[in-house]
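Engineer: quick one, structure for this:
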Amino acid sequence: MEKALISSADKMRLRGLGQQLEATLKVGKEGLTPAFFTELDRQMRTHELVKLRFLGADRHQRANLCLEIAEKGRCACVGAVGHTALFYRPSSEQDTVVL
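Structural biologist: Numbers count the residues shown, from 1 in each chain. Presented below is the predicted three-dimensional model:
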């Protein structure tokens, strides 16, 4: 995904929506496997906004994982707090917040 320009207001709104979501994906000790990215892609096509939980990763590892997920998953990390992170990918080709 080309870098989507998501405004600060849009990120704030997405984070607000994300607070009500349950983490539907987990990144464990296996790390970022092809199966993880397959499931992430499936969920992104269905929901646009996906919350995930990191298990057993320290702060620096989580930050690096978020960057890698955003790049390889063609999505944008709109927020990360503690052991959870929120990723967004618009369902259409437009770089707009549709939710």
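
Engineer: where does this structure dip in pLDDT?
Structural biologist: Under the criterion pLDDT under 70, the flagged ranges of the chain are 1-4, 92-99.

Engineer: if the most centrally placed residue in it is in a bridge, with which residues?
Structural biologist: By Cα atoms, centre = their mean, the chain has its centre lying nearest to residue 87, at 2.0 Å. Using DSSP bridges, the bridge partners assigned to residue 87 are residue 50, residue 77.

Engineer: I'd say it and residue 70 touch.
Structural biologist: Yes - with contact defined as Cβ atoms under 8 Å, residue 87 and residue 70 form a contacting pair (6.8 Å). Every residue, glycine included, has its C-beta placed from N, CA and C.

Engineer: quick check: neighbours shared by these two?
Structural biologist: The overlap between the contact sets of residue 87 and residue 70 (Cβ atoms under 8 Å, 6 or more residues apart in numbering) consists of 76, 77.

Engineer: show me the strands in this structure, by range?
Structural biologist: Here the chain has its strands, by DSSP state E, at 25-27, 49-54, 76-81, 84-88.

Engineer: so what are the sheet partners of the shortest one and their directions?
Structural biologist: Put plainly, it is strand 25-27. Taking DSSP bridges as the criterion, strand 25-27 pairs within the sheet with strand 49-54 (parallel).

Engineer: quick check: buried residues in the strand it pairs with?
Structural biologist: Using 16 or more other Cβ atoms under 10 Å as the test for burial, strand 49-54 gives 49, 50, 51, 52, 53, 54.

Engineer: centre of the chain to it, how far?
Structural biologist: Centroid separation between strand 49-54 and its chain, computed with Cα atoms, centre = their mean, to the nearest Å, is 6 Å.
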